[in-house]
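K.L.:
Turn this into a structure:
(one chain, ligands or ions: 1)
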Amino acid sequence: MPGGDDPLRIAGQDFGSRLLVGTGKFGSHQVMRDALVASGAEIVTVALRRVDLDRAGEGDVLDFVPPDMTLLPNTSGAVNAEEAHRLARLGRAAVGTGLVKLEVTPDPRTLAPDPVETLRAAELLVADGFTVLPYCPADPVLARRLEEAGCATVMPLGSWIGSNRGLRTRDALEVIIEAAGVPVVVDAGIGVPSDAAEAMEIGAAAVLVNTAIAVAADPVAMARAFALATLAGRLGYRAGRGTVGTATRAEASSPLTGFLGAATAGAAATAGLVAP
Ligand SMILES: CC(=O)[C@@H](O)[C@H](O)COP(=O)(O)O
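P.N.:
Numbering: from 1, shown residues only. You can find the predicted model right below:
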(Lines give C-alpha, C1' and ligand atoms only; values in the text may rest on other atoms or scores of the structure.)
Protein backbone atom coordinates (compact mmCIF):
# COMPACT_ATOMS: atom_id res chain seq x y z
CA MET A 1 0.00 0.00 0.00
CA PRO A 2 1.54 3.37 -0.96
CA GLY A 3 2.71 5.27 2.10
CA GLY A 4 2.25 2.37 4.56
CA ASP A 5 0.48 3.69 7.64
CA ASP A 6 1.12 7.30 6.61
CA PRO A 7 0.00 7.85 3.03
CA LEU A 8 -0.47 11.22 1.38
CA ARG A 9 -4.15 11.11 0.43
CA ILE A 10 -5.32 13.45 -2.31
CA ALA A 11 -8.91 13.20 -3.50
CA GLY A 12 -9.14 9.62 -2.23
CA GLN A 13 -5.91 8.42 -3.83
CA ASP A 14 -2.95 7.35 -1.68
CA PHE A 15 0.67 8.16 -2.44
CA GLY A 16 3.83 7.00 -0.68
CA SER A 17 6.01 10.01 -1.46
CA ARG A 18 5.31 13.47 -0.09
CA LEU A 19 7.65 15.12 -2.57
CA LEU A 20 5.99 16.40 -5.75
CA VAL A 21 8.31 17.55 -8.49
CA GLY A 22 8.18 19.82 -11.51
CA THR A 23 9.64 19.26 -14.94
CA GLY A 24 10.82 22.72 -16.02
CA LYS A 25 14.35 24.12 -16.38
CA PHE A 26 16.26 20.83 -16.64
CA GLY A 27 19.27 20.79 -18.92
CA SER A 28 17.84 17.89 -20.91
CA HIS A 29 14.83 15.59 -20.88
CA GLN A 30 17.10 12.69 -19.94
CA VAL A 31 18.50 14.49 -16.87
CA MET A 32 14.94 15.38 -15.94
CA ARG A 33 13.92 11.74 -16.15
CA ASP A 34 16.87 10.58 -14.04
CA ALA A 35 16.10 13.24 -11.44
CA LEU A 36 12.42 12.28 -11.34
CA VAL A 37 13.38 8.68 -10.67
CA ALA A 38 15.93 9.69 -8.00
CA SER A 39 13.34 11.88 -6.27
CA GLY A 40 11.04 8.92 -5.63
CA ALA A 41 8.17 11.28 -6.46
CA GLU A 42 4.88 9.78 -7.52
CA ILE A 43 3.26 13.02 -8.67
CA VAL A 44 4.90 15.06 -11.43
CA THR A 45 3.64 18.39 -12.66
CA VAL A 46 3.97 19.44 -16.31
CA ALA A 47 3.05 22.80 -17.81
CA LEU A 48 0.32 22.23 -20.36
CA ARG A 49 1.81 24.91 -22.59
CA ARG A 50 4.96 22.70 -22.90
CA VAL A 51 3.02 19.61 -23.89
CA ASP A 52 2.52 18.60 -27.48
CA LEU A 53 -1.25 18.46 -27.16
CA ASP A 54 -1.65 16.56 -30.40
CA ARG A 55 0.98 14.05 -29.25
CA ALA A 56 2.16 14.13 -32.85
CA GLY A 57 5.93 14.36 -32.44
CA GLU A 58 8.54 12.25 -30.69
CA GLY A 59 10.61 13.70 -27.88
CA ASP A 60 7.81 15.49 -26.06
CA VAL A 61 8.46 16.10 -22.35
CA LEU A 62 5.75 13.56 -21.50
CA ASP A 63 7.77 10.83 -23.22
CA PHE A 64 10.39 11.23 -20.48
CA VAL A 65 8.09 11.05 -17.48
CA PRO A 66 8.20 7.48 -16.12
CA PRO A 67 4.84 5.85 -16.86
CA ASP A 68 4.18 4.82 -13.26
CA MET A 69 4.13 8.46 -12.12
CA THR A 70 0.88 10.40 -11.75
CA LEU A 71 0.80 13.37 -14.11
CA LEU A 72 -0.41 16.64 -12.68
CA PRO A 73 -0.87 19.05 -15.62
CA ASN A 74 -0.60 22.69 -14.61
CA THR A 75 -2.07 25.84 -16.11
CA SER A 76 1.16 27.82 -15.92
CA GLY A 77 0.94 30.90 -18.15
CA ALA A 78 -2.76 31.52 -17.51
CA VAL A 79 -3.50 35.11 -16.50
CA ASN A 80 -7.19 34.78 -15.65
CA ALA A 81 -9.81 32.19 -14.78
CA GLU A 82 -11.03 31.68 -18.33
CA GLU A 83 -7.54 30.98 -19.65
CA ALA A 84 -6.88 28.53 -16.85
CA HIS A 85 -10.16 26.74 -17.59
CA ARG A 86 -9.40 26.54 -21.31
CA LEU A 87 -5.90 25.16 -20.70
CA ALA A 88 -7.22 22.63 -18.20
CA ARG A 89 -9.82 21.39 -20.67
CA LEU A 90 -7.22 21.04 -23.42
CA GLY A 91 -5.04 19.14 -20.98
CA ARG A 92 -7.81 16.82 -19.90
CA ALA A 93 -8.48 15.93 -23.53
CA ALA A 94 -4.81 15.42 -24.37
CA VAL A 95 -3.41 13.90 -21.20
CA GLY A 96 -6.53 12.09 -20.05
CA THR A 97 -6.57 13.18 -16.41
CA GLY A 98 -9.01 15.28 -14.44
CA LEU A 99 -6.26 16.35 -12.06
CA VAL A 100 -5.10 19.91 -12.53
CA LYS A 101 -2.63 22.14 -10.75
CA LEU A 102 -4.27 25.51 -11.06
CA GLU A 103 -1.91 28.43 -11.62
CA VAL A 104 -3.15 31.92 -12.45
CA THR A 105 -0.19 34.30 -12.43
CA PRO A 106 -0.80 37.57 -14.27
CA ASP A 107 2.18 39.46 -12.83
CA PRO A 108 5.27 38.51 -14.87
CA ARG A 109 7.65 40.02 -12.33
CA THR A 110 6.63 37.97 -9.28
CA LEU A 111 4.47 35.25 -10.85
CA ALA A 112 2.35 35.82 -7.76
CA PRO A 113 -0.92 33.89 -7.92
CA ASP A 114 -3.94 36.15 -8.42
CA PRO A 115 -6.20 35.37 -5.45
CA VAL A 116 -9.44 36.57 -7.07
CA GLU A 117 -8.92 34.80 -10.41
CA THR A 118 -7.58 31.67 -8.68
CA LEU A 119 -10.75 31.35 -6.60
CA ARG A 120 -12.94 32.04 -9.63
CA ALA A 121 -11.03 29.49 -11.70
CA ALA A 122 -11.24 26.92 -8.91
CA GLU A 123 -15.03 27.30 -8.84
CA LEU A 124 -15.23 26.92 -12.64
CA LEU A 125 -12.97 23.87 -12.67
CA VAL A 126 -14.65 22.08 -9.77
CA ALA A 127 -18.03 22.65 -11.43
CA ASP A 128 -16.55 21.14 -14.60
CA GLY A 129 -15.51 17.96 -12.78
CA PHE A 130 -11.81 18.63 -12.29
CA THR A 131 -9.80 17.64 -9.21
CA VAL A 132 -8.23 20.99 -8.46
CA LEU A 133 -4.91 21.61 -6.69
CA PRO A 134 -4.51 25.40 -6.62
CA TYR A 135 -1.22 27.28 -6.32
CA CYS A 136 -2.13 30.20 -4.07
CA PRO A 137 -0.76 33.00 -1.93
CA ALA A 138 -0.02 32.04 1.66
CA ASP A 139 -3.29 33.60 2.81
CA PRO A 140 -5.33 31.72 5.41
CA VAL A 141 -8.63 33.29 4.32
CA LEU A 142 -8.12 32.40 0.67
CA ALA A 143 -6.98 28.89 1.59
CA ARG A 144 -10.24 28.37 3.45
CA ARG A 145 -12.26 29.76 0.53
CA LEU A 146 -10.48 27.42 -1.90
CA GLU A 147 -11.19 24.46 0.36
CA GLU A 148 -14.85 25.50 0.60
CA ALA A 149 -14.93 25.73 -3.21
CA GLY A 150 -14.09 22.03 -3.35
CA CYS A 151 -10.34 22.03 -4.04
CA ALA A 152 -8.54 18.78 -3.24
CA THR A 153 -5.52 20.53 -1.73
CA VAL A 154 -4.21 24.02 -1.23
CA MET A 155 -0.71 24.88 -2.42
CA PRO A 156 0.49 28.07 -0.76
CA LEU A 157 3.79 29.55 -1.83
CA GLY A 158 6.92 29.47 0.32
CA SER A 159 8.45 32.31 -1.71
CA TRP A 160 8.38 33.40 -5.35
CA ILE A 161 8.54 30.67 -7.97
CA GLY A 162 12.11 29.96 -8.97
CA SER A 163 13.62 32.18 -6.27
CA ASN A 164 15.04 29.38 -4.09
CA ARG A 165 14.44 31.69 -1.11
CA GLY A 166 12.82 29.14 1.16
CA LEU A 167 9.88 29.55 3.53
CA ARG A 168 9.50 33.35 3.63
CA THR A 169 5.81 32.82 4.44
CA ARG A 170 6.34 30.45 7.34
CA ASP A 171 4.05 32.16 9.87
CA ALA A 172 1.12 32.20 7.46
CA LEU A 173 1.84 28.62 6.37
CA GLU A 174 1.54 27.51 9.99
CA VAL A 175 -1.88 29.15 10.28
CA ILE A 176 -3.05 27.57 7.01
CA ILE A 177 -1.80 24.13 8.05
CA GLU A 178 -3.50 24.35 11.43
CA ALA A 179 -6.86 25.22 9.90
CA ALA A 180 -6.87 23.13 6.73
CA GLY A 181 -9.12 20.16 6.18
CA VAL A 182 -7.35 19.24 2.92
CA PRO A 183 -3.65 18.50 2.38
CA VAL A 184 -1.44 21.59 2.38
CA VAL A 185 1.31 21.28 -0.23
CA VAL A 186 3.96 23.96 0.14
CA ASP A 187 4.82 25.02 -3.39
CA ALA A 188 7.39 27.37 -4.91
CA GLY A 189 10.62 28.86 -3.67
CA ILE A 190 11.80 25.82 -1.76
CA GLY A 191 15.52 26.22 -2.36
CA VAL A 192 17.41 23.57 -0.42
CA PRO A 193 16.50 20.23 1.16
CA SER A 194 16.35 21.77 4.64
CA ASP A 195 13.51 24.06 3.40
CA ALA A 196 11.54 20.95 2.47
CA ALA A 197 12.29 19.40 5.86
CA GLU A 198 11.16 22.62 7.57
CA ALA A 199 7.87 22.65 5.67
CA MET A 200 7.23 19.05 6.63
CA GLU A 201 8.24 19.64 10.26
CA ILE A 202 5.59 22.36 10.63
CA GLY A 203 2.98 19.92 9.37
CA ALA A 204 2.71 20.39 5.62
CA ALA A 205 1.28 17.31 3.95
CA ALA A 206 3.75 17.57 1.07
CA VAL A 207 6.08 19.89 -0.83
CA LEU A 208 6.45 20.67 -4.51
CA VAL A 209 9.95 21.40 -5.80
CA ASN A 210 11.14 22.21 -9.30
CA THR A 211 13.80 24.88 -9.68
CA ALA A 212 16.03 23.81 -6.79
CA ILE A 213 16.40 20.35 -8.29
CA ALA A 214 16.55 21.36 -11.94
CA VAL A 215 19.23 24.05 -11.57
CA ALA A 216 21.44 22.21 -9.07
CA ALA A 217 24.93 21.32 -10.24
CA ASP A 218 23.89 17.67 -9.93
CA PRO A 219 20.10 17.50 -10.31
CA VAL A 220 19.95 13.75 -9.72
CA ALA A 221 21.85 13.97 -6.41
CA MET A 222 19.75 16.97 -5.38
CA ALA A 223 16.54 15.07 -6.14
CA ARG A 224 17.68 12.30 -3.83
CA ALA A 225 18.57 14.85 -1.13
CA PHE A 226 15.09 16.34 -1.37
CA ALA A 227 13.53 12.89 -1.09
CA LEU A 228 15.43 12.19 2.13
CA ALA A 229 14.78 15.66 3.58
CA THR A 230 11.05 15.45 2.88
CA LEU A 231 10.87 12.08 4.59
CA ALA A 232 13.01 13.24 7.52
CA GLY A 233 10.80 16.28 8.03
CA ARG A 234 7.68 14.15 8.00
CA LEU A 235 9.15 11.66 10.48
CA GLY A 236 10.20 14.53 12.71
CA TYR A 237 6.72 16.04 12.57
CA ARG A 238 5.12 12.74 13.48
CA ALA A 239 7.60 12.15 16.29
CA GLY A 240 6.38 15.33 17.98
CA ARG A 241 8.67 18.21 18.79
CA GLY A 242 9.69 18.73 22.44
CA THR A 243 9.01 21.98 24.29
CA VAL A 244 10.83 25.04 23.04
CA GLY A 245 12.87 26.75 25.75
CA THR A 246 13.46 30.45 26.32
CA ALA A 247 16.24 32.48 24.76
CA THR A 248 17.76 33.31 28.15
CA ARG A 249 18.01 30.06 30.02
CA ALA A 250 19.53 26.62 29.40
CA GLU A 251 18.02 23.35 30.48
CA ALA A 252 20.82 20.89 31.21
CA SER A 253 20.69 17.85 28.97
CA SER A 254 22.21 15.63 31.67
CA PRO A 255 21.16 15.68 35.32
CA LEU A 256 23.50 17.82 37.45
CA THR A 257 23.02 15.59 40.49
CA GLY A 258 23.18 11.84 40.99
CA PHE A 259 25.84 9.25 40.30
CA LEU A 260 28.26 11.29 38.22
CA GLY A 261 27.90 14.31 40.50
CA ALA A 262 28.69 12.14 43.54
CA ALA A 263 31.57 10.45 41.77
CA THR A 264 33.02 13.81 40.78
CA ALA A 265 32.71 15.08 44.36
CA GLY A 266 34.38 11.90 45.62
CA ALA A 267 37.22 12.20 43.15
CA ALA A 268 37.77 15.81 44.15
CA ALA A 269 37.90 14.82 47.81
CA THR A 270 40.36 11.99 47.08
CA ALA A 271 42.57 14.45 45.28
CA GLY A 272 42.46 16.66 48.38
CA LEU A 273 40.76 19.46 46.57
CA VAL A 274 37.77 19.60 48.91
CA ALA A 275 36.89 18.11 52.25
CA PRO A 276 35.30 14.66 51.87
C1 LIG B 1 6.60 23.59 -11.74
C2 LIG B 1 5.72 24.36 -10.89
O3 LIG B 1 4.61 23.99 -10.63
C4 LIG B 1 6.23 25.63 -10.38
O5 LIG B 1 5.46 26.63 -10.92
C6 LIG B 1 6.20 25.55 -8.93
O7 LIG B 1 5.50 26.55 -8.36
C8 LIG B 1 7.53 25.24 -8.35
O9 LIG B 1 8.26 26.34 -7.94
P10 LIG B 1 9.84 26.26 -7.84
O11 LIG B 1 10.34 26.19 -9.25
O12 LIG B 1 10.25 27.52 -7.13
O13 LIG B 1 10.20 25.01 -7.06
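K.L.:
Spell out which parts of this structure neighbour the ligand.
P.N.:
22, 24, 45, 74, 76, 135, 161-162, 187-190, 208-212 (CB under 6 Å from any ligand atom). Quick note: C-beta positions are derived from backbone N, CA and C, even for glycine.
K.L.:
Take these and keep only those in helices.
P.N.:
Thr211, Ala212 (DSSP state H).
K.L.:
Just give the number of residues close to the closest residue to Asn74 other than its chain neighbours.
P.N.:
Excluding the flanking residues, the one nearest Asn74 by CB to CB, 6 or more residues apart in numbering is Lys101, at 3.7 Å. Other residues lying near Lys101 total 27 when counted by other CB atoms under 10 Å.
K.L.:
cool, and Ala93?
P.N.:
The number of residues packed around Ala93, counting by other CB under 10 Å, is 9.
K.L.:
what's in contact with the helix or strand encompassing it?
P.N.:
Remark: Ala93 resides in helix 81-95, with elements defined by DSSP states H and E. Outside of helix 81-95, the residues within contact range by CB atoms under 8 Å, 6 or more residues apart in numbering are 48-49, 51, 53-55, 62, 71, 73, 75, 77-78, 97-98, 100, 102-104, 117-118, 120-121, 124-125, 128, 130.
K.L.:
Put the buried members of these into a ChimeraX selection.
P.N.:
A single ChimeraX command selects the buried members of the contacts of helix 81-95 (16 or more other CB atoms under 10 Å):
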select :48,51,62,71,73,75,78,98,100,102,103,104,117,118,120,121,124,125,130
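K.L.:
In helices, which of the contacts of helix 81-95 fall?
P.N.:
Using DSSP H, the contacts of helix 81-95 in helices are Glu117, Thr118, Arg120, Ala121, Leu124, Leu125.
K.L.:
Contacts only, for the nearest residue to Thr105 once chain neighbours are set aside.
P.N.:
Take Thr105 and drop its neighbours on the chain: the residue closest to it by CB to CB, 6+ apart is Leu111, 4.4 Å away. Applying CB under 8 Å, 6+ apart, we find Leu111 in contact with Thr105, Trp160, Ile161, Gly162.
K.L.:
Single out the residue in the stretch 1-150 of the chain that lies closest to the ligand.
P.N.:
Gly22 (2.8 Å; CB to the nearest ligand atom).
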